[in-house]
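Asks: Here is the input, now give the coordinates:
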Amino acid sequence: MIRGLEYLSYEDRLRELGLFSPKKRRLRGDLVAAFQYLKGAYRKDREGLLTKVCSDRARGNGCKLKEGRFRLVTRKKFFTVRVVKHWNRLPREAVDAPSLEVFKATLDGALSNLV
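Replies: Presented below is the predicted three-dimensional model:
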């Protein structure tokens, strides 16, 4: 425990230390994995996991992801379903980032307003 923070709630301690909540950390990890997948880091597994719909007419970023349709309720918690809604709301600078470090930097700024 850090001195002076013992009597604060968990959320206040995270805010005081400048950290994201566990929910935002999971979302950040998912979005980083989606970025790596879309940039080709996972070459052999690339068939059909995420579907890109690129257009210049789209608001926000120009490379939206398409959400698949599932019959089972349990599939609504899958990685692809969790990522699509938040990916489509990211700014164009984050989606078109040339490297992972630039993506992470812009993602941290966007996450403070995203969730």
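
Asks: Could you list the low-pLDDT ranges of the chain?
Replies: Under the criterion pLDDT under 70, the flagged ranges of the chain are 1, 42-48, 56-60, 68-77, 114-115.

Asks: Can you show me the strands along it?
Replies: Listed from the start of the chain, the chain has strands (DSSP state E) covering 51-54, 63-66.

Asks: Pairing partners for the last one, with directions?
Replies: Looking back up the chat, that one is strand 63-66. strand 51-54 (antiparallel) (DSSP bridges).

Asks: Show me what counts as buried in stretch 92-109.
Replies: Buried residues in stretch 92-109, defined by neighbour count with 16 or more other Cβ atoms under 10 Å: 94, 95, 97, 103, 106, 107. C-beta coordinates here come from the backbone N, C-alpha and C atoms, glycine included.

Asks: thinking the first one is in contact with residue 61, fair?
Replies: Spelled out, that is residue 94. Yes - with the criterion set as Cβ atoms under 8 Å, residue 94 and residue 61 qualify as a contacting pair; they are 7.3 Å apart.

Asks: residues in contact with the most centrally placed residue in the chain?
Replies: Closest residue to the average C-alpha location of the chain: residue 31 at 2.7 Å, with Cα atoms, centre = their mean. With contacts defined as Cβ atoms under 8 Å, 6 or more residues apart in numbering, residue 31 is in contact with 83, 86, 87, 90, 107.

Asks: how does it look with 7 Å?
Replies: By Cβ atoms under 7 Å, 6 or more residues apart in numbering, residue 31 lies in contact with 83, 86, 87, 107.

Asks: Need the max-distance pair from these.
Replies: With distance counted by Cβ to Cβ, no two of those lie farther apart than 83 and 107, which are 12.3 Å apart.

Asks: Residue 65 is in contact with residue 88, correct?
Replies: Yes - in this structure, residue 88 sits in contact with residue 65. The criterion is Cβ atoms under 7 Å, and the distance is 6.1 Å.
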